[in-house]
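Undergrad: need a structure here:
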Amino acid sequence: MQVDETSFLSTQSALSVLMKDSIKRAFGVDWTQARYSDLRKPLYSGIAAMLKITAYHDSRTWGIPQSIVNQANYWIAAYTVNTSINARQVYVTASRKLLFRKRHPFLVEIFTFIAQQA
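TA: Okay, the predicted model is just below:
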């Protein structure tokens, strides 16, 4: 999950002392000194996503939606500046593929085998 640069900078500017200390203690990272390019590292990317979603939750009273379409809307609102219908559809399509693989792993193996034989 990517966090855009504007959102990344907001995680630094809105960081409470308690959260800053917690991140430093748990991960050895001074988040106020992190750079946007550091998000190429999985740990930093995960911290940024966690801070972004925490800030997003703090400003609303509801949690992560259950339906894929509403999750796409949530993802767009919380994590990206791209609000196009295409971004929403990309999220929905990718999520449905993952759900299909989880629910029908044997069918995915069969389809993969057939595709490789063609």
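
Undergrad: quick one: secondary structure of residue 49?
TA: helix (DSSP: H, G, I helix; E, B strand; the rest coil).

Undergrad: Which pLDDT value belongs to it?
TA: We note a pLDDT of 84 for residue 49 in this prediction.

Undergrad: mind showing which ranges of this structure have poor pLDDT?
TA: Scanning the chain for pLDDT under 70 picks out 1, 56-64, 79-85, 101-118.

Undergrad: ok, longest helix in it?
TA: Across the chain, the helix with the greatest residue count (assigned by DSSP state H) is helix 85-103.

Undergrad: other SSEs contacting it?
TA: helix 68-79, helix 105-117 (3 or more C-beta pairs under 8 Å, 6 or more residues apart in numbering; DSSP states H and E). Placement of C-beta: from N, CA and C, glycine included.

Undergrad: do you know how far the closest residue to residue 38 other than its chain neighbours is from residue 37?
TA: Setting aside the residues directly before and after it, residue 38 is nearest to residue 44 in space (C-beta to C-beta, 6 or more residues apart in numbering), at 4.3 Å. Distance, residue 44 to residue 37, using C-beta to C-beta, to the nearest Å: 9 Å.
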